[in-house]
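Asker: Take a look and give me a structure for this.
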Amino acid sequence: MAITKPGNVSEERRGRGRPQARPDEETRALIVDAARQEFATRGYAATSMESVAQRAGVSTKTLYRLIPNKAALFEAIIGDGIDRFVTRLRLRGCENGDIECALRDALTACGELILDGAVIGLLRMVIGESDKFPEIAETFYSKAIKRTESTLANWLKAQAERRLIAIDNPTEAAGMLLGMLAFQPQRAVMFGRAPAPSREALERRAQAVAKLFLQGCAK
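Answerer: Residues are numbered from 1 along each chain as shown. Predicted coordinates for the structure are as follows:
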């Protein structure tokens, strides 16, 4: 008869016990992704906390513990996307003084965010339901539109401080750049007149916008 050592018994019991709980950060990410899908398919009014929990595969108790209400869910969707964009743009500095290349890359990053299909879908939803839910319009404007603009403005300010460009108002310049880059293609996508531009097309547009802009403010 085999003798089982006490240490092995302990290990066996641990192995057969309840599985380790999923970290809250991972669970929150699942919830945010599920909410994004629910808002995109159902709209804001028709989406419920219960439907988000079901899609995410979590209990409503867990959902309410991590994110307290539907408005906070919408804010989390916007905030998570913009956080990733801000981190990415901060990493793209101007190397070797090639400001045109750096600006093209910064604008491409902005365009990938603004012209993303999921982002445009959220924008459609906001426009369609903001009369009944003005809080989602405020969230989208402050957390997405203004933060994207301020992120680019801060990038431009940093390049001005390095004397690579000469601008008086970085915020105004950022608004002009984003308008040239995204306004026309975004409207075309929203009205079903064209698909979102490919990465290659977006880079070409960003290159043209950067070149045009720098003709007026390059040192």
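Asker: Thought residue 108 was touching residue 206, still the case?
Answerer: Yes: counting by C-beta atoms under 8 Å, residue 206 touches residue 108, with 4.5 Å between them. C-beta here means a position set from N, CA and C on the backbone, and glycine is covered the same way.
Asker: of the two, who's got more company?
Answerer: Neighbour count, other C-beta atoms under 10 Å: between residue 206 and residue 108, residue 206 has more, with 24 against 21.
Asker: Okay, and the more buried one sits in which element?
Answerer: Here residue 206, judged by DSSP states H and E, is contained in helix 199-217.
Asker: buried residues in that helix?
Answerer: Buried residues in helix 199-217, defined by neighbour count with 16 or more other C-beta atoms under 10 Å: 202, 203, 205, 206, 207, 209, 210, 213, 214, 217.
Asker: tell me, how many neighbours does residue 165 end up with?
Answerer: Count around residue 165 with other C-beta under 10 Å applied: 22.
Asker: from the middle of its chain, how far away would the helix holding residue 206 be?
Answerer: Put simply, helix 199-217 sits 22 Å off its chain's centre (C-alpha atoms, centre = their mean, to the nearest Å).
Asker: other SSEs contacting it?
Answerer: Contacts defined by 3 or more C-beta pairs under 8 Å, 6 or more residues apart in numbering; DSSP states H and E place helix 199-217 against helix 99-114, helix 170-190.
Asker: Would you mind finding the most buried of the ones you listed?
Answerer: helix 99-114 (a mean of 21; mean count of other C-beta atoms under 10 Å).
Asker: and the next element down the chain from it?
Answerer: Following helix 99-114 in sequence, per DSSP H and E, is helix 117-129.
Asker: Contacts for that following helix next, please.
Answerer: 36, 39-40, 43-45, 77-78, 81, 113, 136-137, 140, 144, 186, 189-190, 196 (C-beta atoms under 8 Å, 6 or more residues apart in numbering).
Asker: Likewise for stretch 182-195?
Answerer: 110, 111, 114, 115, 120, 123, 124, 196, 197, 205.
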